[in-house]
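**Q** Here is the input, now give the coordinates:
(one chain, ligands or ions: 1)
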Amino acid sequence: MTAPAAIVWDSALLGYDLGGEHPLHPIRLELTIRLAKALGVLDGVELLVPEEAPLEEIERIHDSGYVAAVRDAPMAGWDVGHGLGTPDNPIFDRMHEASAMVVGSSLLAAKQIASGATKRAASIAGGLHHAMRDRAAGFCVYNDTAVAISWLLDNGFERIAYLDTDVHHGDGVQDAFYDDPRVLTISLHQNPLTLFPGTGFADETGGPGAEGMAVNVPLPPYTNDRAWFRAFHAVVPSLLQAFRPQLLVSQCGVDTHDEDPLASLSLSVDGHRQIYRTVRELAEQFARGNWLACGGGGYQLLRVVPRSWTHLLATMLDREVDPGTTLPREWTDFVDEIAPSAELPGAMTDKKSTDFEPWDGTVDERVDSTIRDTRRAVFPLHGLDPDDPRD
Ligand SMILES: [Zn+2]
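**A** Next comes the predicted model:
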């Protein structure tokens with residue numbers, strides 16, 4: 001029997017390395033694949049090896065002048081503009097090639113779905129959602145996810161929903177399709193008044209001809225699993241039901257975790273696992289089962305990202321890992337070798353409940369004013385009643 005999901009992975013993707021003490025360290029990807037393998041999640045699964053995306057695919061989303069600047073940057077050294085050579089987006093050796101490989105990864109995943117080879121595909125190195133048409137931003141050089149969506153629009157898909165659960169606003173993807181009624185972008189993130197990139201307010205709802213196609217849920221700092229799911233369920237399922245996408249693309253950043261060093265939401269690994277199970281169900285219910293998952297942020301490299309994304313891969317492959325599962329010795333031994341002082345969790349859980357009280361139309365909790373603002377901004381544009389919790 002073939003696996004229910006295609007998983008794109010190759011160690012060449014570790015070449016996207018911003019160097020030194022940069023928070024986006026590729027070890028998080030290697031540790032994810034090692035943990036998934038050690039737990040048997042990838043047994044019998046053939047990992048698909050990506051190639052660097054060609055220029056014409058990258059230039060679906062990015063200006064050729066910017067792409068040229070990325071290619072020249074390692075030689076030019078400094079002052080190349082386009083957001084390059086900053087602390088967030090340092091210039092590194094083979095920057096273009098490594099970034100094109102990430103685009104190639106998400107593109108390969110997209111092609112697996114478009115060809116009918118599979119309904120679910122994962123590109124955990126992808127999800128670089130901040131990259132803009134003419135500049136790097138927020139650790140992101142090329143917007144692999146936007147390139148993949150653009151390619152899918154040219155290859156048989158007319159309605160695509162993008163769901164971004166990273167702690168940061170998915171601004172680059174929103175921008176790329178802001179005027180495009182074929183793409184519904186939904187981003188749940190920490191309130192932009194308190195976090196990079198400073199966009200993603202409820203009143204950003206889409207450009208002319210695409211009103212209501214950008215949806216933003218700016219959550220208060222310290223939002224926990226309970227409140228996060230209350231907001232998610234008050235906004236997302238109704239919109240997907242109304243839009244009826246042919247495919248769901250999810251950006252699965254895990255910097256929403258309570259221990260993440262760069263942001264201040266308070267989700268758990270159990271919350272992340274529940275997000276993936278929920279997205280899988282929504283894809284089945286509203287998107288013909290088609291689900292393309294990209295990675296994203298996540299800077300607690302040892303304790304959080306590997307566990308959360310192992311749950312992602314397991315969920316995609318219908319090989320649920322029980323939260324109580326102990327971390328395998330071969331994996332913890334490896335982490336001990338590279339980070340001897342790290343204190344590792346014992347199991348695949350943070351022992352948090354993901355139960356929540358559904359939103360009932362009132363404003364009782366801190367997160368409820370966010371829910372109300374987002375629903376009032378976009379629900380009427382989809383024929384939904386923002387104040388009726390049944391919608
Ligand atoms: Zn992020």
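**Q** CA atoms for contacts and neighbours, from now on please.
**A** Fine.
**Q** for the stretch 1-150 of the chain, what spans make up the helices?
**A** When assigned using DSSP state H, counting those that start in this stretch, the helices of the stretch 1-150 of the chain occupy the ranges 27-38, 55-58, 64-76, 95-114, 144-153.
**Q** can I get these in JSON lines with mean pLDDT?
**A** Shown next, in JSON lines, are the helices of the stretch 1-150 of the chain (pLDDT from 0 to 100):
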{"stretch": "helix 27-38", "mean pLDDT": "98"}
{"stretch": "helix 55-58", "mean pLDDT": "98"}
{"stretch": "helix 64-76", "mean pLDDT": "95"}
{"stretch": "helix 95-114", "mean pLDDT": "98"}
{"stretch": "helix 144-153", "mean pLDDT": "98"}
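**Q** out of those, nearest to residue 170?
**A** Smallest distance to residue 170 across those (CA to CA): 10.4 Å, for helix 144-153.
**Q** List the buried residues for that closest one?
**A** For helix 144-153, a neighbour-count test (16 or more other CA atoms under 10 Å) marks 144, 145, 146, 147, 148, 149, 150, 151, 152 as buried.
**Q** which SS state does residue 161 fall under?
**A** strand (DSSP: H, G, I helix; E, B strand; the rest coil).
**Q** List the beta-bridge partners for it.
**A** residue 184, residue 248 (DSSP bridges).
**Q** residues in contact with it?
**A** Listed by CA atoms under 8 Å, 6 or more residues apart in numbering, the contact set of residue 161 reads 183, 184, 185, 186, 240, 245, 246, 247, 248, 249.
**Q** Please identify which two of the residues you listed are farthest apart in space.
**A** Spatial extent of these (CA to CA) is set by the pair 186 and 246 at 15.4 Å.
**Q** Looking at those two, which is more packed in?
**A** Looking at residue 186 and residue 246 with other CA atoms under 10 Å, you find the greater number of neighbours at residue 186, namely 27 against 18.
**Q** Centre of the chain to the strand or helix carrying the more buried one, how far?
**A** Per DSSP states H and E, residue 186 falls inside strand 183-190. For strand 183-190, the separation from the chain centroid amounts to 10 Å (computed by CA atoms, centre = their mean, to the nearest Å).
**Q** can you check stretch 201-218 too?
**A** Stretch 201-218 has its C-alpha centroid displaced from the chain centroid by 19 Å (CA atoms, centre = their mean).
**Q** what's the answer for stretch 198-214, then?
**A** On the basis of CA atoms, centre = their mean, stretch 198-214 is displaced by 19 Å from the centre of the chain it belongs to.
**Q** Apart from its chain neighbours, what residue comes closest to residue 104?
**A** Residue nearest to residue 104 in three dimensions, not counting chain neighbours: residue 53, with 4.3 Å by CA to CA, 6 or more residues apart in numbering.
**Q** re the thing from before, between the contacts of residue 161, which is closest to the ion?
**A** For the contacts of residue 161, the residue nearest the ion by CA to the ion is residue 186; the value is 14.6 Å.
**Q** ok, now which ones touch the closest one?
**A** Contacts of residue 186 by CA under 8 Å, 6+ apart are 161, 162, 163, 164, 214, 215, 216, 217, 236.
**Q** go with 7 Å
**A** Applying CA atoms under 7 Å, 6 or more residues apart in numbering to residue 186 gives the contacts 162, 163, 164, 214, 215, 216.
**Q** give me the number of residues near the first one?
**A** It stands for residue 162. The local packing of residue 162 (other CA under 10 Å) involves 27 other residues.
**Q** Quick check: it vs the ion, distance?
**A** Plainly put, residue 162 is 15 Å away from the ion if you go by CA to the ion, to the nearest Å.
**Q** residues in contact with that residue?
**A** 184, 185, 186, 248, 249, 250.
**Q** out of the contacts of residue 161, which touch the ion?
**A** With CA under 5 Å from the ion as the criterion, the contacts of residue 161 include none near the ion.
**Q** how much space is there between the residue most central in space within the chain and residue 90?
**A** By CA atoms, centre = their mean, the chain has its centre lying nearest to residue 251, at 1.8 Å. With the distance defined as CA to CA, to the nearest Å, residue 251 ends up 23 Å from residue 90.
**Q** ok so, going back, please name the residues that touch the residue nearest to the centre of the chain.
**A** Each residue near residue 251 by CA under 7 Å, 6+ apart is listed here: 127, 163, 164, 165, 166, 293, 294, 295, 296.
**Q** Now render these as JSON lines, adding neighbour count.
**A** Shown next, in JSON lines, are these (neighbours: other CA atoms under 10 Å):
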{"residue": "127", "neighbour count": "31"}
{"residue": "163", "neighbour count": "21"}
{"residue": "164", "neighbour count": "27"}
{"residue": "165", "neighbour count": "26"}
{"residue": "166", "neighbour count": "25"}
{"residue": "293", "neighbour count": "31"}
{"residue": "294", "neighbour count": "25"}
{"residue": "295", "neighbour count": "25"}
{"residue": "296", "neighbour count": "29"}
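**Q** So which of the residues you listed belong to helices?
**A** Judged by DSSP state H, helices contain none of the contacts of residue 251.
**Q** quick check, nearest of these to the ion?
**A** Proximity of the contacts of residue 251 to the ion was ranked by CA to the ion; the top entry is residue 166 with 5.0 Å.
**Q** Residue 380 - nearest residue in space that isn't next to it in sequence?
**A** residue 386 (6.7 Å).
**Q** burial count for the one you found?
**A** For residue 386, the count of nearby residues is 23 (other CA under 10 Å).
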